[in-house]
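Enquirer: Dropping the sequence and predicted coords here.
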Amino acid sequence: MKGGINIQKKIDRLKLRSVQIALETGLLQGHRDYTRFVILGRGRSGSNFLTSLLKSHNQVICFGEIFNNSRQDIIRWRGQRYTTSSDLLLRESDPIRFISTRVFSNLPKKIKAVGFKIFYYHAQEEKWKCIWPYLKNMTDLRIIHLKRRNLLRYYLSQKIALMTNQWTIFSDENAYRDISVELSYKDCLKAFEQTHQYQKQYQDFFVDHPIIDVFYEDLSSNTEREIRRIESFLGVTHQNLQSATKKQARQPLSEMISNYTELKSQFYDTSWLEFFDD
């Protein structure tokens, strides 16, 4: 069964590549008059969940972390396109042209919105830094600012993903159970403060852009309502969207953090105490 799925994925990629070539050569009529957007945020804030939902919309193309600093040898098209060596070369040599011609490319007329994920700490190398002012100067670029209210849950999720090397869960059977992690006060505090700093910095950076704040907690608990808000923001019709991803962990914080009581007491007189919501 797995082999059949992999074969189908290859077929789908070849079909997408064929459509792309037809558009680029003029054999198929396309357009560029669509909404451009980015999903801004940081890891472990529900970006895979949101991206998966948007990918199931037939008027939206939503790419992954195409400027992920940790992977220089691939482009995270998330199956939307077949990645060629020319794509990699263009991204390395001229990242702005890569965005303007390969991401926001000539596309079928049914496509109404195109975007990709970018985290605060992406594209910080010298060769890629130029894309931040480029995006800032795209005043029609729409920003979906994805956040997580409970930063303790974000940090715990990050620690679990690092421990298990599983960053996306596609089956309930693979969701983590009976897992216990010890967290230090110092590391938690650093993560909380850094995330708040990032959020303010980039909220100010894109202050002149259309921007919508989306919280993972709301997206998870009231997906239909939040998706309707996002669809309206992107200017696409409402559809019943489906996500292929699953929640990483289902246990209460007090069960997953081995030193939960001690850690909570250390944050007792701080504004961060609200994160300990068990």
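Expert: Yep, it's here.
Enquirer: now the strands for the stretch 101-250 of the chain?
Expert: Assignment of strands within the stretch 101-250 of the chain using DSSP state E, counting those that start in this stretch yields the ranges 113-119, 142-147, 211-215.
Enquirer: would you turn these into CSV with distance to Leu135 and mean neighbour count?
Expert: Every residue, glycine included, has its C-beta placed from N, CA and C. Listed next are those as CSV, based on distance: least, C-beta to C-beta, whole Å; neighbours: other C-beta atoms under 10 Å:
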stretch, distance to Leu135, mean neighbour count
strand 113-119, 8, 22
strand 142-147, 9, 22
strand 211-215, 12, 17
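Enquirer: Let me know which of the ones you listed is the nearest to Leu156.
Expert: strand 142-147 (16.2 Å; C-beta to C-beta).
Enquirer: Pull that closest one out as PDB, backbone CA atoms only.
Expert: Presented in PDB, the C-alpha positions along strand 142-147 are these (Å, rounded to 0.1, in the frame of the first residue of the first chain):
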ATOM      1  CA  ARG A 142      -0.900  39.700   3.100                       C
ATOM      2  CA  ILE A 143       0.500  38.400   6.400                       C
ATOM      3  CA  ILE A 144      -1.000  35.600   8.300                       C
ATOM      4  CA  HIS A 145       0.700  36.000  11.700                       C
ATOM      5  CA  LEU A 146       0.400  32.600  13.300                       C
ATOM      6  CA  LYS A 147       0.900  32.600  17.100                       C
END
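Enquirer: hmm, back to that, tabulate the strands of the stretch 101-250 of the chain (JSON lines), appending distance to Ser86 and mean pLDDT.
Expert: Compiled in JSON lines, those are given as follows (distance: least, C-beta to C-beta, whole Å; pLDDT from 0 to 100):
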{"stretch": "strand 113-119", "distance to Ser86": "18", "mean pLDDT": "96"}
{"stretch": "strand 142-147", "distance to Ser86": "28", "mean pLDDT": "98"}
{"stretch": "strand 211-215", "distance to Ser86": "33", "mean pLDDT": "98"}
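Enquirer: quick one: which of those strands is nearest Asp178?
Expert: Nearest to Asp178 among the strands of the stretch 101-250 of the chain is strand 211-215; the distance by C-beta to C-beta comes to 28.1 Å.
Enquirer: And the pLDDT for the nearest residue to Ser157 once chain neighbours are set aside?
Expert: Nearest residue to Ser157, sequence neighbours excluded (C-beta to C-beta, 6 or more residues apart in numbering): Arg44, at 4.1 Å. Here, the pLDDT recorded for Arg44 equals 87.
Enquirer: Could you pull up the contacting residues of Arg44?
Expert: Counting by C-beta atoms under 8 Å, 6 or more residues apart in numbering, Arg44 makes contact with 148, 154-155, 157-158, 161.
Enquirer: what's the closest of these to Cys188?
Expert: For those, the nearest to Cys188 is Tyr155 (5.9 Å; C-beta to C-beta).
Enquirer: Tally up the residues packed near the residue nearest to Asp178 when sequence neighbours are not counted, please.
Expert: Spatially, and ignoring its direct neighbours in sequence, Asp178 is nearest to Gln251 (7.8 Å; C-beta to C-beta, 6+ apart). The local packing of Gln251 (other C-beta atoms under 10 Å) involves 14 other residues.
Enquirer: Tell me if I'm right that Gln251 and Ile179 touch.
Expert: Yes. Under the criterion of C-beta atoms under 8 Å, Gln251 makes contact with Ile179 at 7.3 Å.
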